[in-house]
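> What follows is a protein structure lacking sequence information:
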């Protein structure tokens, strides 16, 4: 028994994690979700932009691997924007973001009767990372002469008055890589001084706190928890809110195994026979 | 040949690197126009680099298929996946390659939504299982520093999910404090160090001291 607890087979841990995901996902119990100040700040900014009938730029810089965490943020923010008559311009610095952004626009525009061209525009992907951002700061229409379906951006109601990045009332980056701290902040926000917010995967969130404190970023949604907080604020419960149940249980399971591992380690020392 | 292989790339790196830095800080309209022009060049180079990347990937996997190395069937699948997606991208839902990309219908979008999205999401979700197993095996309070890290990690893990607030209101607050104060201080220190390293490496490349990007071929 002692040896077993010192070196639990990983398949047993996998079964616990699987049950920790499946059972809470199939049952319905509600957990209280309290928005943190960082998420509230993004919500408040979009409310302010809505009062001025302003325009938000959303950069969809993530792929299918991070879709479960970041896509609920995209859906919630788009719902919020369309409800408050905030015009949205979408773009991607990651090629895989195009399909996911299109899905998010299709879903939310149908739900809230948002019209392409007058309520939102999708520019698609452009290669070049920092060059795209610097170029957009100089000349928006020169960088994106056409949107994804091939319309001229100088003629679309949402984009015709945008000359550069500074003309956006808010820029929100939904990211799963280094585009916020590697590209949007040093080459965009720091030069063109627009308000900047971030939605990112949980693993990225700790790296972004210096930019929050410096004011280069005014808000952040971190991981599925951040997405669930935004869903709570816009009062549209979705996959992130539902995901909080399995995530809470799995966190408790992991903590249980960490504590068990440490208790056994201090009682009986290092396990013999290596790991399985 | 030596001039083309070594001297010319060094001259280009020096000139473009120096101009790139200078125009970033000079607000004069001439400098700004030059910077805008350089971003266009960079995007064109990036597009060619993409083509070069595809060639490199295909060459690598073709070598594995040809030699029938262990796991060569996976390399063969790279060709199948690439060819299928390439044909669907050219087909562009019947609009052809010279029209804007159709992003809401067609076989390319279908393959993305029904193959790449679930496959990628599945790969990522497997992490949860391995993290749980790895945390049990390796997260041990062997030293006082490891014990502090362990306690902090447990507080953040509970504080970042709603169940933490149910246990006590102070757990999410403590979790937020850990992220916004000690974590921030450590991250800022690392960030400053990394940034200074990037500046130093960039200057070494611009002034031709660091030449590994030229490749390791014979001179």
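Structure received. Bear in mind that the values here come from a model prediction, so they are computed numbers and not experimental data.
> What pLDDT does the model give residue 188?
Looking at chain A here, since you left the chain open. We note a pLDDT of 96 for residue A:188 in this prediction.
> switch to chain B, that's the one I care about
At residue B:188, the pLDDT value in this model is 95.
> Now it. Nearest residue, chain neighbours left out?
Leaving aside its sequence neighbours, residue B:188 sits nearest to residue A:210 (Cβ to Cβ, 6 or more residues apart in numbering or on different chains; 4.5 Å). Any C-beta I mention is one placed from the backbone N, CA and C, and that applies to glycine too.
> Show me what the strand or helix carrying the one you found packs onto, helices and strands only.
Using DSSP states H and E, residue A:210 sits within helix A:205-214. With contacts taken as 3 or more Cβ pairs under 8 Å, 6 or more residues apart in numbering or on different chains; DSSP states H and E, helix A:205-214 sits against strand A:196-200, strand A:219-222, helix B:184-206.
> May I have the phi/psi pair for residue A:55?
Phi and psi for residue A:55, reported as degrees, to the nearest 10, are phi -120, psi 140.
> ok, it - how many residues close by?
Residues within reach of residue A:55, counting by other Cβ atoms under 10 Å in any protein chain shown, total 22.
> With residue B:92 instead?
Using other Cβ under 10 Å, residue B:92 has 17 other residues around it.
> how near is it to chain A?
Distance, residue B:92 to chain A, by Cβ to the nearest Cβ, to the nearest Å: 12 Å.
> so what pLDDT did the nearest residue to that residue once chain neighbours are set aside get?
Of all residues beyond its chain neighbours, the one nearest residue B:92 is residue B:102 (5.6 Å), with distances taken as Cβ to Cβ, 6+ apart. Predicted confidence (pLDDT) for residue B:102: 88.
> what about residue A:171, helix or strand, and which?
Going by DSSP H and E, residue A:171 is part of strand A:170-175.
> Report whether that strand contacts chain B.
No. Residues of strand A:170-175 contacting chain B under Cβ under 8 Å from any Cβ of the partner chain: none, with a closest distance of 14.9 Å.
> List the buried residues of stretch A:17-33.
For stretch A:17-33, burial by neighbour count (16 or more other Cβ atoms under 10 Å in any protein chain shown) applies to A:17, A:20-21, A:24, A:31, A:33.
> now do stretch B:98-112
Within stretch B:98-112, the residues that count as buried by 16+ other Cβ under 10 Å are B:101-103, B:106-109, B:111-112.
> Name the stretch among the helices and strands packed on helix A:205-214 that sits most buried.
Mean neighbours per residue, mean count of other Cβ atoms under 10 Å in any protein chain shown, is largest over the helices and strands packed on helix A:205-214 for strand A:196-200, with a mean of 29.
> What pairs with that strand, parallel or antiparallel?
Take DSSP bridges as the rule and strand A:196-200 pairs in its sheet with strand A:170-175 (parallel), strand A:219-222 (parallel).
> Okay, and residue 155 sits in which element?
Just so you know, I chose chain A. Per DSSP H and E, there is no helix or strand for residue A:155.
> sorry, should have said chain B
Per DSSP H and E, residue B:155 falls inside helix B:144-159.
> Could you break the chain into its assigned domains?
Using chain A. Here the domain parsing of chain A from automatic domain parsing is A:2-28+A:245-268, A:37-237.
> Chain B, not that one
Taken from automatic domain parsing, chain B resolves into B:11-69, B:82-138, B:139-208.
> Using a markdown table, lay out the ones you listed together with distance to residue A:202.
As requested, the domains of chain B are exported to a markdown table (distance: least, Cβ to Cβ, whole Å):
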| stretch | distance to residue A:202 |
| --- | --- |
| domain B:11-69 | 29 |
| domain B:82-138 | 11 |
| domain B:139-208 | 7 |
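> any weak-confidence spans in chain B?
By pLDDT under 70, the weakly predicted segments of chain B are B:216-219.
> Could you point out the longest helix of it?
When chain B is parsed with DSSP state H, its longest helix is helix B:29-67.
> buried sites along the helix or strand that that helix is followed by?
Following helix B:29-67 in sequence order, the next helix or strand is helix B:72-91 (DSSP H and E). Across helix B:72-91, burial judged by 16+ other Cβ under 10 Å covers B:75, B:78, B:85, B:88.
> wait, doesn't the first one sit right on residue B:68?
No. At 9.7 Å, residue B:75 does not count as touching residue B:68 under the criterion of Cβ atoms under 8 Å.
> ok so, going back, report the angle between the helix holding residue A:210 and helix B:184-206.
Put simply, helix A:205-214 runs at 90 degrees to helix B:184-206, going by axes from the mean of the first three to the mean of the last three Cα atoms, to 10 degrees.
> What lies in contact with helix A:205-214?
Here helix A:205-214 makes contact (Cβ atoms under 8 Å, 6 or more residues apart in numbering or on different chains) with A:38, A:180-181, A:185, A:198, A:200, A:217-220, A:222-223, A:226, B:179-180, B:183-184, B:187-188, B:191.
> same check, this time on stretch B:86-102
Applying Cβ under 8 Å, 6+ apart, the external contacts of stretch B:86-102 come out as A:98, A:124, A:146, A:148-150, B:105-109, B:111.
> from those residues, which single one is nearest residue B:150?
Checking the contacts of stretch B:86-102 against residue B:150 with Cβ to Cβ, the nearest one is residue A:98 at 41.5 Å.
> returning to that earlier point: next, see if the longest helix of chain B gets close to chain A.
Yes. Residues of helix B:29-67 contacting chain A under Cβ under 8 Å from any Cβ: B:32, B:35-36, B:38-40, B:42-43, B:46-47, B:50.
> Tell me who's in contact with residue A:259.
By Cβ under 8 Å, 6+ apart, the neighbours of residue A:259 are residue B:154.
> Check which helix or strand it maps to.
Using DSSP H and E, residue A:259 falls in helix A:239-268.
> quick one: buried residues of that helix?
For helix A:239-268, by 16+ other Cβ under 10 Å, it's A:239-255, A:257-258, A:261-262, A:264-265.
> tell me the SS of residue A:121?
strand (DSSP: H, G, I helix; E, B strand; the rest coil).
> Determine the number of other residues adjacent to it.
Here the number of neighbours of residue A:121 (other Cβ under 10 Å) works out to 26.
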